[in-house]
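Asks: here is a sequence together with a model predicted from it:
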Amino acid sequence: MSYVIYAWLAAILYGLTNVIGKLTSKYTIKNFWLFNFLFALFSLIFTIPLAIKNNVGIPISWENLILSAVFNALFLIFYILSFYHLDVTVMSPLFNFRTVFAVLLSFIILREVLTFNQIVFIILIIFAGFFVSLDEKFNLKSFFRKSVLYGLLMALFLALTGIYINKAVADTGYWETNLFNPLITQIILLFTLPLFYKEVFKINIKQIGSVGIAALCIALGNISANLAYASNVSISTSIISLPFSMFIVFLVSLFKPDLLEKHSLKVYAIRFAAAFIMIFSALRISG
């Protein structure tokens, strides 16, 4: 199958993950710590058979692997927290700050040189970020909300996770990293058990189903994305970066305005314009 098909499939699956995650946070699981733990658990469960099939072994190096898991646990916390506090049409574009943080971290930690073009596109992403969070009040101060901070921290810890996953893969191997990263992440999240343990005994099929489907979508999305990247990075990145969750939520708002979110067409036009500026700038930085 063509890498283009894999890329489109990954983009759609990632979009569905965000939409299902939002539905779960709004209607199914009120305690975000429970949602966070279950999401990580199902992601691990779906990874285990794939890792075994690909002859996973015991890691020979642990430092970068453990660091990647710590940052992944923090990413998951703010990722799930964002579902509870942000519109999908705000949350989705904020992922583009991952590129900004990755470049800045490389500059600070690895002493890599920032080019003039990178600085320009970083400024563009930050500038567009002010507009992607606008609502009907059209107040740029809406960017300086705690909920937007959750989205920015999500992007920061995702960037850090990516950096240390790449280091861990180089140290100990692809499937070893793909299995032990979520395994260690799950062990870390066990420390959050006191925050939701009473609700564990009340979990129902609807809750398990919604979280399981979201985790399955992101697991299949990751597989599809990796298959696409293996053949072509630039085109695959461009396709996978498309904000499918924004399109889905916008279409749903036209027919079921109370289901997910509802804003005026003017607000959506501004958010989509800002999102595409952020995506274009992130692609140029990465390229």
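Replies: Ah, there it is. Computed from a prediction, not measured in an experiment: that's the story for all the values here.
Asks: thought Ile277 was touching Ala128?
Replies: Yes. Between Ile277 and Ala128 a contact is recorded at 4.2 Å, counting by C-beta atoms under 8 Å. Heads up, the C-betas are built off the backbone N, CA and C, glycines and all.
Asks: who are the packing partners of the helix or strand Leu254 falls within?
Replies: Element membership for Leu254, per DSSP states H and E: helix 244-255. In terms of contacts (3 or more C-beta pairs under 8 Å, 6 or more residues apart in numbering; DSSP states H and E), helix 244-255 is packed against helix 3-23, helix 88-94, helix 265-286.
Asks: quick one: closest of those helices to Val249.
Replies: helix 88-94 (4.6 Å; C-beta to C-beta).
Asks: with only the CA atoms kept, save the following helix or strand past that closest one in PDB.
Replies: Along the chain past helix 88-94, the next helix or strand (assigned with DSSP H and E) turns out to be helix 97-109. C-alpha atoms of helix 97-109 as PDB (Å, rounded to 0.1, in the frame of the first residue of the first chain):
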ATOM      1  CA  PHE A  97       4.000  24.400  19.500                       C
ATOM      2  CA  ARG A  98       5.800  21.000  19.800                       C
ATOM      3  CA  THR A  99       8.000  22.100  16.900                       C
ATOM      4  CA  VAL A 100       8.700  25.500  18.600                       C
ATOM      5  CA  PHE A 101       9.700  23.800  21.800                       C
ATOM      6  CA  ALA A 102      11.800  21.100  20.000                       C
ATOM      7  CA  VAL A 103      13.800  23.800  18.200                       C
ATOM      8  CA  LEU A 104      14.300  25.900  21.300                       C
ATOM      9  CA  LEU A 105      15.300  22.900  23.400                       C
ATOM     10  CA  SER A 106      17.800  21.900  20.800                       C
ATOM     11  CA  PHE A 107      19.200  25.400  20.900                       C
ATOM     12  CA  ILE A 108      19.400  25.400  24.700                       C
ATOM     13  CA  ILE A 109      20.500  21.800  25.400                       C
END
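Asks: can you list the low-confidence ranges for the protein?
Replies: Under the criterion pLDDT under 70, the flagged ranges of the chain are 1, 230, 233-234, 287.
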